[in-house]
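K.L.:
No letters, just coordinates:
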């Protein structure tokens, strides 16, 4: 009887162990089990999409984020994305990440910035809800038919620069045609610059009021370029980054180029109106002086815009060499 009773606890022990194992397995596979921040790639990628994808097309997916080179796995302090977010430099306007969300990004990068696919299927299903609650836009979004606001801003900037450059070329051709015809007439009449005759003023007026095709082509290109550039300016201001004290960034140069363009365009419009009035009056001296300045400023405007685009498109210099694979 004693031998029999000594084995009596073993069935109960086996049952307890089996129940414990079943509970542990169920807990590990049950959806909604929270992960520590350092092992939460889906939520980290969803946060980047939430706060960055409205302006940056690369922010909509992990592969694009990794390819952009804004994170250095294992090194948050050397990751441009984390540096900008932590300092408040980005996003440029509310809403901004909370301290807890910033810490999540830091922990994700510090742990190696793993892809969402690196976690288990149970964890992915648990995090699907958190990604949705984070309000991350899907890849089907965009801005006015473009992948992102940055893509629209870039396309509008380059297209408007091309239109304004074309307007300057057409205006220069128009001015050259007028001068060539007027000088041919002057030479045929034996008139010199020192002996300008009133008949030359009549000739200038007649030439100006003649074929207007190039003139209106010039005006149409100018209007189209400036209208498109207005959209570029609005999106640019909405994405303007905070200036860093003591530093001059590519964004600063880009912004200064915009204000330079605005000043040049204002002066160009004023000179254009005065030049047109001088042509209507046949005022040779005013046309000659203002015409040169008008042409120079007109060609400078798209060159400033193109230069601003080139500056902002230059690749950022990485703080460190990319990690060896």
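P.N.:
Here it is on my side, so go on. Source: prediction; values computed, not measured. Numbering: from 1, shown residues only.
K.L.:
so what pLDDT did residue 24 get?
P.N.:
pLDDT, residue 24: 41.
K.L.:
Ok, residue 273 next?
P.N.:
For residue 273, pLDDT reads 90.
K.L.:
where does the chain dip in pLDDT?
P.N.:
Counting by pLDDT under 70, the low-confidence segments of the chain come to 1-39, 93, 118-142, 193-199, 241-245, 315-325.
K.L.:
what comes up buried for the longest helix anywhere in it?
P.N.:
Longest helix in the chain, counting residues (DSSP state H): helix 149-188. Buried residues in helix 149-188, counted by 16 or more other Cβ atoms under 10 Å: 149-158, 160-168, 170-172, 174-175, 178, 182, 185-186. (Glycine included, C-beta is placed from N, CA and C.)
K.L.:
who touches the closest residue to residue 202 other than its chain neighbours in this structure?
P.N.:
Excluding the flanking residues, the one nearest residue 202 by Cβ to Cβ, 6 or more residues apart in numbering is residue 282, at 6.3 Å. With contact set as Cβ atoms under 8 Å, 6 or more residues apart in numbering, residue 282 has these partners: 200-205, 208.
K.L.:
Kindly recompute the last result at 7 Å.
P.N.:
By Cβ atoms under 7 Å, 6 or more residues apart in numbering, the contact set of residue 282 is 201-202, 204-205.
K.L.:
According to the record, where do the domains of this protein fall?
P.N.:
The chain breaks down into these domains under automatic domain parsing: 40-133, 149-313.
K.L.:
Buried deepest among those domains, which one?
P.N.:
domain 40-133 (a mean of 18; mean count of other Cβ atoms under 10 Å).
K.L.:
Surely residue 274 touches residue 290?
P.N.:
Yes. The pair residue 274 / residue 290 is scored as a contact, 5.6 Å apart, by Cβ atoms under 7 Å.
K.L.:
Quick check: the closest residue to residue 106 other than its chain neighbours vs residue 45, distance?
P.N.:
Take residue 106 and drop its neighbours on the chain: the residue closest to it by Cβ to Cβ, 6+ apart is residue 76, 4.6 Å away. Separation of residue 76 from residue 45 (Cβ to Cβ, to the nearest Å): 15 Å.
K.L.:
Ok, residue 261 next?
P.N.:
Separation of residue 261 from residue 45 (Cβ to Cβ): 37 Å.
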